[in-house]
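Q: Please work out how this folds:
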Amino acid sequence: MPSYRLVVADSRAPRDGAFIGIIGHYNPLTEPKTIVIDEEKALYWLGQGAQPTATTTRLLSKLGIMQKFNTIKEKTWEKT
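A: Residues are numbered from 1 along each chain as shown. The predicted structure is shown next:
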């Protein structure tokens, strides 16, 4: 039964190797699908330059986190 952790990892680390931190989890087998992501941690790591995978981007978008990050990023660019 698949259940996935959403982790922050160094891109140079092996796929199943050490990771920096866990920001949430995803279980596609529940009805509805369970998606739990710590928004504050996700926004922090995105702000630090983290590059989410396509699947993680989809999950972050589903919860509105990518939109919030893009709004924050746009406001930051307006100030400079």
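
Q: Where do the helices of this protein begin and end?
A: Ranges of helices in the chain, per DSSP state H, are 39-47, 54-62, 65-79.

Q: just so I know, which of those lies nearest P14?
A: Nearest to P14, of all the helices of the chain, is helix 54-62, at 17.6 Å by C-beta to C-beta. From N, CA and C alone the C-beta is placed, and that goes for glycine too.

Q: Just name the shakiest helix or strand of the protein by mean pLDDT.
A: Of all helical and strand segments in the chain, the minimum by mean pLDDT, DSSP states H and E falls on helix 65-79, at a mean of 88.

Q: Take the helices of the chain and write them to TSV, including mean neighbour count and distance to G24.
A: Below are the helices of the chain laid out as TSV (neighbours: other C-beta atoms under 10 Å; distance: least, C-beta to C-beta, whole Å):
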stretch	mean neighbour count	distance to G24
helix 39-47	16	7
helix 54-62	15	8
helix 65-79	12	10
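
Q: Distance to H25 for those helices - can I get that in a markdown table?
A: Shown next, in a markdown table, are these (distance: least, C-beta to C-beta, whole Å):
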| stretch | distance to H25 |
| --- | --- |
| helix 39-47 | 12 |
| helix 54-62 | 10 |
| helix 65-79 | 15 |
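
Q: G21 is nearest to which of these?
A: G21 lies closest to helix 39-47 among the helices of the chain, at 7.0 Å (C-beta to C-beta).

Q: Quick one, which of the helices of the chain gets closest to I23.
A: Per C-beta to C-beta, nearest to I23 of those: helix 39-47, 4.5 Å.

Q: got a list of contacts for the closest one?
A: Contact with helix 39-47 is made by V8, G21, I23, G24, P52, L60, L63, I65, K68, F69, I72, as judged by C-beta atoms under 8 Å, 6 or more residues apart in numbering.

Q: roughly how far apart are the closest residue in space to the first one that isn't next to it in sequence and A42?
A: Using C-beta to C-beta, 6 or more residues apart in numbering and skipping the chain neighbours, the partner closest in space to V8 is I20 (4.4 Å). Distance of I20 to A42, given as C-beta to C-beta, to the nearest Å: 13 Å.
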